[in-house]
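*Asks:* Mind looking at a prediction? Sequence and model below.
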Amino acid sequence: MTFLQVERLTKSFGTDLLFEPFSAQVARGDRIALIGDNGVGKSTLLDLLRGEAEPTGGDVRTIGEVRVAHLPQTARLHSPEGRTLWEAMEEAFAELRRVEARLRELEQAMASADEEALRSYDELLHRFDREGGYRIDARVRSALIGVGFDEESFDQKVETLSGGEAARAALARTLLEAPDLALLDEPTNHLDFAALDWLEEELLAFPGAVVLVSHDRHLLERVTNRTWEIALQRVSTYRVGYADSRALRDEERRQKLAAFEKESETIERYKDFVRRNKAGQKVKQAKDREKKLERIEAERTEPPRDAKRISLRIQTGRPSGKRVLSIRDLAVGFTLPLFELPEVDLYRGEKVAIVGPNGCGKTTLLRTILGDHPPVRGSVELGHHVHPAVYTQTQEGLHGPGTVLDAILSRTSLSISEARGVLGRFLFSGDDVAKKMRALSGGERSRVALALLSLVEGNLLLFDEPTNHLDLASQEILEEALVAYDGTILLVSHDRALLEAVATQVWLVEGETLRVHGCGYIEFRRRQVEHADPESAPPDRPGKARAPQPSTRPRKSRYHLEREAASLREAERAVEETEARIAEVEAALEAASREGDAARISTLGEAHRVAEARLAEELARWEALSARTEEPEAHEEVSR
């Protein structure tokens, strides 16, 4: 089923063209990756699709009645003052709550054997069940826990939420509303790894259509099945997901380049023939070639154009000693420790992914290693000839009144000409170098930070969310630079694609402890999945006994235990709600039986069967969660 029809749509701002006319459609089941460099018009195109911006030309038509929800980059949860987070989520089910209230009214009316009330009740009851009325509370809990809230936050007033919390809540409510078409602009902002996994599953199961703008390559690769790319003032559409669209784009470029080169060879050959035979015996053939030449040049294939890209190479300078970092009995935090580290030695060439829940102290660990923040106890010692270089997510010192050029000149001994050359490699040319730092976008400021990093000879790099604000192409260039880098890296990032490509080991903050996993990020994730679901692990080979081995599975973190406990409480409440509903129906059935009301008995009997089936599903889910949380390790963690 088609929701939107895009016909020859184009948009300009004055004389600045965003994109040429293009046509496309959005249908049920489409999960479209809308990609392109920063500033090419992705958010503007979303506004055009939802009718909040006027096109310069063309049209966007909805087919029938289409419910559209939009989650902007700066999403905030809008709800009447005084409402709690839970109540704001329930607003997504306002219509179902009205149906529920009407059912209660009709139950009173049916006491007088009102046949019209009986018919209305039957219709509304089926609608209430079909649209998930019995699962409202369970769905709200699941969504809030999914985006990272704990149950203690459910009663928090909406106006007291922080910016990140409000953005996460807005995402949860957008998905709870279950629109026909969801337009999501950077929905992964403020999400931790568990919430990113939850979002992936929600989008894969989403019954409508999604247009997704995101810098999260992992999310785009896993979720999308269509791609729209804005580049060089054109919108190219691909009927495949993000990863496959890159291969198609490269093949299209190769074919266009081959056609252009073949035409160029033909043109040169014809020109040479005309020059040699214009006055000779083959003058007639020469004139014929001239006509063909004119036709070819009039219909000439355009050479493939490529968008400008940054050029990044990170220098290591003098190699460090073999041992880069020694950590002994370290407690990271403030007055009280956030977490502790055992004895850790880091050696030259290792590239470490530091992962853990938001707010667990990963940035504080980097600052402690640099010496910018004192440890609660313990020591950090850098090895011989270790020269750290740091890239922070807050980009300190790059928000002042100076210009882009000043930012380079004040931190290096480069001449103005040399500084301009460096900035040119990071897409600052001409008057761009005179832009004020405080007026830059997040992406522009990130490019300045990368330019500065390229000028530093550091053999230990400390990165804190380096892909924030970078477009997809720049993320890939940074990834290539880090893979090629032959020094040592400590990397804090939510960019799972970057971690998969770069990391050689993982430091996981679990509750109050940091644990070192001596494997790459992909293997680390595989082990986590096996630990969560042992049945998913490959079976032993038959005929070969394995010697008993000590367990190497990572212990569940307090964070994951709390998530599991919250899910169990959610399942318990769902069971209690369904059991209460069954008790209500049974009481109504007894009353109808005493009154001999056959029609009402039939209706309530159907409601009872529906509720019993629902209870069986809820009990199965509760039993599965109970089995998972009753592992001995879980009891050990919770009892601490």
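*Replies:* Received the coordinates, thanks.

*Asks:* low-scoring stretches of the stretch 451-600 of the chain, by residue?
*Replies:* Where the stretch 451-600 of the chain drops to pLDDT under 70, the residues are 532-566, 593-599.

*Asks:* Would you map the strands across it?
*Replies:* Here the stretch 451-600 of the chain has its strands, by DSSP state E, counting those that start in this stretch, at 460-464, 488-492, 505-510, 513-517.

*Asks:* Report the strands that pair with the longest one, each with its relative direction.
*Replies:* So the one you mean is strand 505-510. With DSSP bridges as the test, strand 505-510 is paired with strand 351-355 (parallel), strand 513-517 (antiparallel).

*Asks:* CA atoms only for it, dumped as CSV, please.
*Replies:* Presented in CSV, the C-alpha positions along strand 505-510 are these (Å, rounded to 0.1, in the frame of the first residue of the first chain):
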residue,chain,number,x,y,z
GLN,A,505,40.2,-5.4,22.6
VAL,A,506,37.2,-4.2,24.7
TRP,A,507,37.1,-2.6,28.1
LEU,A,508,33.6,-3.0,29.5
VAL,A,509,32.3,-1.0,32.4
GLU,A,510,30.0,-3.4,34.3
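
*Asks:* Could you check how far residue 263 is from residue 287?
*Replies:* Between residue 263 and residue 287 the distance is 21 Å, computed by C-beta to C-beta, to the nearest Å. In this view, the C-beta of every residue, glycine as well, is placed from N, C-alpha and C.

*Asks:* the more surrounded of those two?
*Replies:* Neighbour count, other C-beta atoms under 10 Å: between residue 263 and residue 287, residue 263 has more, with 16 against 13.

*Asks:* In this model residue 302 seems to touch that one, though I could be wrong.
*Replies:* No: contact between residue 263 and residue 302 fails when scored by C-beta atoms under 8 Å: they sit 10.4 Å apart.

*Asks:* Pull out the buried positions in stretch 389-406.
*Replies:* 389-393, 395, 398, 403-406 (16 or more other C-beta atoms under 10 Å).

*Asks:* and that stretch, how far apart are its ends?
*Replies:* Across stretch 389-406, the terminal residues are separated by 20 Å (C-alpha to C-alpha, to the nearest Å).

*Asks:* Identify the residues contacting that stretch?
*Replies:* Applying C-beta atoms under 8 Å, 6 or more residues apart in numbering, the contact partners of stretch 389-406 are 363, 366, 370, 407, 410, 416, 419-420, 423, 428, 432-438, 440, 444-446, 448-450, 453, 456-458, 460-466, 468.

*Asks:* What part of this protein, helix or strand, is modelled with the least confidence?
*Replies:* In the chain, the helix or strand scored least confidently by mean pLDDT, DSSP states H and E is helix 632-639, which has a mean of 39.

*Asks:* Please export the C-alpha coordinates of stretch 81-92 as CSV.
*Replies:* Output of stretch 81-92 as CSV, limited to C-alpha atoms (Å, rounded to 0.1, in the frame of the first residue of the first chain):
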residue,chain,number,x,y,z
GLU,A,81,2.5,20.8,32.5
GLY,A,82,2.3,18.6,35.5
ARG,A,83,2.0,15.3,33.7
THR,A,84,4.3,12.5,34.5
LEU,A,85,6.5,10.6,32.0
TRP,A,86,4.1,7.7,32.2
GLU,A,87,1.0,9.9,31.6
ALA,A,88,2.8,11.5,28.6
MET,A,89,3.4,8.1,27.1
GLU,A,90,-0.3,7.1,27.6
GLU,A,91,-1.3,10.1,25.4
ALA,A,92,-0.3,7.9,22.5
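
*Asks:* Dump the strands of the stretch 451-600 of the chain to JSON lines, plus mean neighbour count and distance to residue 204.
*Replies:* Formatted as JSON lines, the strands of the stretch 451-600 of the chain follow (neighbours: other C-beta atoms under 10 Å; distance: least, C-beta to C-beta, whole Å):
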{"stretch": "strand 460-464", "mean neighbour count": "22", "distance to residue 204": "30"}
{"stretch": "strand 488-492", "mean neighbour count": "24", "distance to residue 204": "27"}
{"stretch": "strand 505-510", "mean neighbour count": "21", "distance to residue 204": "25"}
{"stretch": "strand 513-517", "mean neighbour count": "18", "distance to residue 204": "27"}
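
*Asks:* right, so of those strands, which gets closest to residue 192?
*Replies:* Closest approach to residue 192 among the strands of the stretch 451-600 of the chain is made by strand 505-510 (11.2 Å; C-beta to C-beta).

*Asks:* that older thread, could you save the strands of the stretch 451-600 of the chain as TSV and add columns showing distance to residue 606?
*Replies:* Output for these, formatted as TSV (distance: least, C-beta to C-beta, whole Å):
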stretch	distance to residue 606
strand 460-464	58
strand 488-492	55
strand 505-510	49
strand 513-517	53
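
*Asks:* domains of this protein?
*Replies:* What automatic domain parsing lists as the domains of the chain is 2-102+135-245, 323-387+457-531, 558-639.

*Asks:* Out of those domains, which gets nearest to residue 294?
*Replies:* Here domain 2-102+135-245 is closest among the domains of the chain (C-beta to C-beta), at 26.7 Å.

*Asks:* could you give the mean pLDDT of that closest one?
*Replies:* Throughout domain 2-102+135-245, pLDDT has a mean value of 94.

*Asks:* and if you look at stretch 290-303?
*Replies:* pLDDT averaged over stretch 290-303 gives 87.

*Asks:* Can you give me the buried ones in that stretch?
*Replies:* Across stretch 290-303, burial judged by 16+ other C-beta under 10 Å covers 293, 301.

*Asks:* Alpha carbons only: can I get it in CSV?
*Replies:* Provided in CSV are the C-alpha atoms of stretch 290-303 (Å, rounded to 0.1, in the frame of the first residue of the first chain):
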residue,chain,number,x,y,z
GLU,A,290,32.0,15.6,-38.4
LYS,A,291,28.2,15.1,-38.3
LYS,A,292,28.6,12.1,-36.1
LEU,A,293,31.0,14.0,-33.9
GLU,A,294,28.5,16.8,-33.5
ARG,A,295,25.8,14.3,-32.5
ILE,A,296,28.0,12.6,-30.0
GLU,A,297,29.1,15.9,-28.4
ALA,A,298,25.5,17.1,-28.2
GLU,A,299,24.4,13.9,-26.3
ARG,A,300,27.7,13.6,-24.4
THR,A,301,27.6,11.5,-21.2
GLU,A,302,28.5,13.6,-18.2
PRO,A,303,31.6,12.4,-16.3
